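1. model this:
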Amino acid sequence: MRHSATSRAAKSAAVALFAGLSGMGTQANAQDKLAGDAGAVMAELTGNRGQIVLMAADRVTPKGRLATYFTCSADGSEGYVVETNASLRHQPTKAAVRDVVTDCSFHDVEFEDVDPPRLSFNKDAAYKDCERLMATKPDFNGCGYVDDQMMLARQDGFRIAYMGRTEQKEGGKLLLFTVRPEDGEAEMEYVTRSGATFDFDFAGYDRFAYNPAIQDKLDARRRQASLQLD
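-> Here you go, the predicted model:
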């Protein structure tokens, strides 16, 4: 029954946190732009670009919380990470796409434990990439080999909620968004082709929630799995 109780709490939180999103998407005739008015940006993504808003979390920065939304198309071909200028509990006025990904996917962090896709991972090459990255970006919040980083994340209770392929300017080829379901804390990291895994943002994430419509689908999947086990 743990999943059912958690799901009810998660859905209640998600309904409240996503209330602001419904207000953002009301503007019509959005211009083809991915930064600016929050309503126009979200309308562009969910309307013109066929994006489904899957989940959200607050990025915790020294200046306050910034709501971040994760989207993906129905076929998984394209997705976006969108950051706004207000927390999930407030109505934002501005939004901007932070990352664009392909081959996006989302996962049930209470029911699934998935691995990132394998690229040309090589531990020695990864540490060389880490040395290069740390030398050029002293503000990086750590760098390590993907398998080691995933092991540490699992030990701390984190699971992959969202991932996709990207072309991040520091060399990241994969975007991984991991969540700890027990408290809603989350982290976003990038993985290079060699497997170097880094986070150059000292800010973490919290208040994670699935879109209520997505939460409903996850709940139905869990019920079906439970029936199959009985």
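2. Quick check: the gap between the residue nearest to Ser73 when sequence neighbours are not counted and Val191.
-> Residue nearest to Ser73 in three dimensions, not counting chain neighbours: Gly50, with 5.2 Å by Cβ to Cβ, 6 or more residues apart in numbering. For the C-beta atoms, the positions are set from N, CA and C on the backbone; glycine is no exception. Noted for Gly50: a distance of 26 Å to Val191, by Cβ to Cβ, to the nearest Å.
3. Of those two, which one has the most company?
-> Comparing Gly50 with Val191 by other Cβ atoms under 10 Å, the one with more neighbours is Val191, at 29 against 14.
4. Can you verify my assumption that the more buried one contacts Leu174?
-> Yes: contact between Val191 and Leu174 holds when scored by Cβ atoms under 8 Å: they sit 4.0 Å apart.
5. For the two, list the residues in contact with both.
-> Residues touching both Val191 and Leu174 by Cβ atoms under 8 Å, 6 or more residues apart in numbering: Pro116, Leu119.
6. how far away is the residue nearest to Ser73 from Ala43?
-> 12 Å.
7. Might you report the residue contacts of Ala213?
-> Counting by Cβ under 8 Å, 6+ apart, Ala213 has no contacts.
8. Check for me that it belongs to a strand.
-> No: looking at Ala213 with DSSP: H, G, I helix; E, B strand; the rest coil, it is helix, so not inside a strand.
9. you'd agree Met150 is up against Pro116?
-> Yes: counting by Cβ under 8 Å, Met150 does reach Pro116; the two are 7.3 Å apart.
10. And the spatially most central residue of the chain, how far from Arg98?
-> Most central in the chain under Cα atoms, centre = their mean is Phe177, positioned 4.3 Å from the mean C-alpha point. Distance from Phe177 to Arg98, counting by Cβ to Cβ: 11 Å.
11. what residues are shared contacts of those two?
-> What both Phe177 and Arg98 touch, as defined by Cβ under 8 Å, 6+ apart, is the set Val81.
12. Can you list the low-confidence ranges for the protein?
-> For the chain, the stretches with pLDDT under 70 are 1-32, 138-141, 200-202, 226-230.
13. Quick check: next helix or strand after the longest strand anywhere in the chain?
-> Longest strand of the chain, by residue count under DSSP state E: strand 94-106. Using DSSP states H and E, the helix or strand that directly follows strand 94-106 along the chain is helix 123-136.
14. ok, now which ones touch the nearest residue to Thr178 once chain neighbours are set aside?
-> Counting by Cβ to Cβ, 6+ apart, Phe158 is the residue found nearest to Thr178 once chain neighbours are left out, at 4.1 Å. Phe158 is in contact with Thr178, Val179, Arg180, Ala186, Glu187, counting by Cβ under 8 Å, 6+ apart.
15. Take these and keep only those in strands.
-> Thr178, Val179, Arg180, Ala186, Glu187.
16. Which of the residues you listed sits closest to Leu54?
-> Val179 (11.8 Å; Cβ to Cβ).
17. Check the contact between the closest one and Arg159; I expect there is one.
-> Yes: assessed by Cβ under 8 Å, Val179 is found in contact with Arg159 at 6.3 Å.
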